[in-house]
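>>> no sequence for this one, just the structure:
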């Protein structure tokens, strides 16, 4: 089918590495790039490279920041600097930011501990987090990793590391999502919602 | 949220134009490009541009072909050259090729007639198709546009254009998908399956 199109095959292999391009869409995206006019594609590549060079992790909270600008959180006096929410990734952070309910700062782990993928604690930003707790006089840490085995293990690891620092450690509430009926929710979530019930 | 990240905003706007990058994945894809190492990104851009320049539409069937290679279909004597399947796009063609059941050639329309989007018959490859019917002694045309209002309208338009050429015009069978139960299929499909029933 693609045996006579080596350049297209190369492009498809490249696009397959981009996360979340489901295989059905892969060919559509390939077509999109093939029929893009040359000037537009040149511009596309320039912006990609510019962003790649211009954007880096903040050295304190590891959220993306522009090379010549201040960090949106660490250098913002309107955010509570001693309340740190620990998230796995930048897009998890965006999900919390969208609520508008949080006015502390963040700490992006850039992943989770996953021995099967060869990712240990040293590959994440846990050491800088522990150091930050001391140097920045943090009073509360919210562990907001996802409820996967890896996410939970990472949270437990971090909690252990900072438990002697004598600060408050909390995590996100678990329970029935807003607007859902009990009937449609899985057993474990209902179990957790009962076990961790709150005063009305 | 992104007000302090103009370069990232620019990149996100660019990626939003790529089809089928749902908004949830957009931030993950953005992260992917931001943390890609510079050498790898350079390679990514090179392959994109190479493919864009190297690959063009076959001038007869409008399937993608490499600049310095023959067309997979038109120049392949194993394919029946007088049986032409008309499809909307390259990826629709791939869907038919995957079945392995078709050994004719194709004609890619590169879209459908859609007045709301300003796409008329002249923006598609309908004129070349009509010319091809004559010059290539085509004996049968299979209209395999999708069953959308636009797809059906395009098929009707093409059928009208070539009906005086005295060739067989067919279209894909409509009915119950293989493996489905009647109960789970929509009413219109069941209706069509009864109306267009075949001998057992």
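Noted; the coordinates are in hand. If you're wondering where the values come from, they're calculated on a predicted model, not measured in any experiment. Numbering: from 1, shown residues only, chains lettered A, B, ... in the order given.
>>> Can you give me the neighbour number for residue A:140?
14 (other CB atoms under 10 Å in any protein chain shown). From N, CA and C alone the C-beta is placed, and that goes for glycine too.
>>> do residue A:141 as well
Neighbourhood size, residue A:141 [other CB under 10 Å]: 26.
>>> The helix or strand hosting residue A:107 - which strands sit beside it in the sheet, and in what orientation?
For residue A:107, the host element (DSSP states H and E) is strand A:104-108. Paired strands of strand A:104-108, with direction, are strand A:80-87 (parallel) (DSSP bridges).
>>> ok, then the element right after the strand holding residue A:107?
That would be, after strand A:104-108 and using DSSP H and E, helix A:126-135.
>>> Can you give me every residue that contacts the residue nearest the centre of chain A?
Ranked by distance to the mean C-alpha position of chain A (CA atoms, centre = their mean), the top residue is residue A:89 at 1.4 Å. Residue A:89 makes contact with A:108-111, B:28, B:31, according to CB atoms under 8 Å, 6 or more residues apart in numbering or on different chains.
>>> does any part of the longest helix seen in chain A sit near chain B?
Ranked by residue count and defined by DSSP state H, the top helix of chain A is helix A:38-54. Yes. Contact of helix A:38-54 with chain B (CB under 8 Å from any CB of the partner chain) involves A:38, A:41-42, A:44-45, A:47-54.
>>> Could you single out the nearest of the contacts of residue A:89 to residue A:171?
Of all the contacts of residue A:89, residue A:109 has the smallest distance to residue A:171: 14.0 Å, by CB to CB.
>>> and the closest one, what is it in contact with?
Contacts for residue A:109 (CB under 8 Å, 6+ apart) come out as A:62, A:86-89, A:124-126, A:129, A:145, A:154.
>>> Going through the residues you listed, which ones are buried?
Listed as buried from these are A:62, A:86-89, A:124-126, A:129, A:145, A:154; burial here means 16 or more other CB atoms under 10 Å in any protein chain shown.
>>> can you redo the residues you listed as TSV with distance to residue B:189 and pLDDT?
Listed next are the buried ones among the contacts of residue A:109 as TSV, based on distance: CB to CB, whole Å; pLDDT from 0 to 100:
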residue	distance to residue B:189	pLDDT
A:62	52	94
A:86	50	95
A:87	45	94
A:88	43	94
A:89	42	92
A:124	51	95
A:125	53	95
A:126	55	95
A:129	56	95
A:145	45	92
A:154	48	95
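>>> Show me which of the residues you listed is closest to residue B:18.
Of all the buried ones among the contacts of residue A:109, residue A:89 has the smallest distance to residue B:18: 20.7 Å, by CB to CB.
>>> how far away is that closest one from residue B:25?
Distance, residue A:89 to residue B:25, using CB to CB, to the nearest Å: 13 Å.
>>> Can you pull out the residues in contact with the strand holding residue A:107?
A:57, A:61-63, A:73-74, A:79-90, A:93, A:96, A:125, A:128-129, A:132, A:140, A:142.
>>> Check stretch A:124-132 too.
Stretch A:124-132 has contacts (CB under 8 Å, 6+ apart) with A:60, A:62, A:84, A:86, A:107-113, A:121, A:138, A:154, A:157-158, A:161-162, A:165.
>>> tell me the pLDDT at residue A:8?
For residue A:8, the pLDDT comes out at 87.
>>> gap between it and residue A:34?
As judged by CB to CB, residue A:8 and residue A:34 stand 7 Å apart.
>>> Are there residues contacting both of those two? Which ones?
Shared contacts of residue A:8 and residue A:34 (CB under 8 Å, 6+ apart): B:51, B:55, B:64.
>>> Now pLDDT, neighbour count and distance to residue A:183 too, for those residues, in a markdown table please.
Shown next, in a markdown table, are these (pLDDT from 0 to 100; neighbours: other CB atoms under 10 Å in any protein chain shown; distance: CB to CB, whole Å):
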| residue | pLDDT | neighbour count | distance to residue A:183 |
| --- | --- | --- | --- |
| B:51 | 90 | 25 | 50 |
| B:55 | 91 | 21 | 52 |
| B:64 | 92 | 23 | 50 |
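>>> and the residues you listed near chain A, which?
Near chain A, by the rule CB under 8 Å from any CB, you find B:51, B:55, B:64 out of the shared contacts of residue A:8 and residue A:34.
>>> and the first one, what is it in contact with?
Spelled out, it's residue B:51. A:7-8, A:10-11, A:33-34.
>>> Restricted to helices, list those.
Assigned to helices by DSSP H, the following of the contacts of residue B:51 qualify: A:7-8, A:10-11, A:33-34.
>>> Quick check: phi and psi on residue A:168?
phi -70, psi 130 (degrees, to the nearest 10).
>>> closest to chain A among the shared contacts of residue A:8 and residue A:34?
Closest approach between those and chain A, by CB to the nearest CB: residue B:51, at 4.1 Å.
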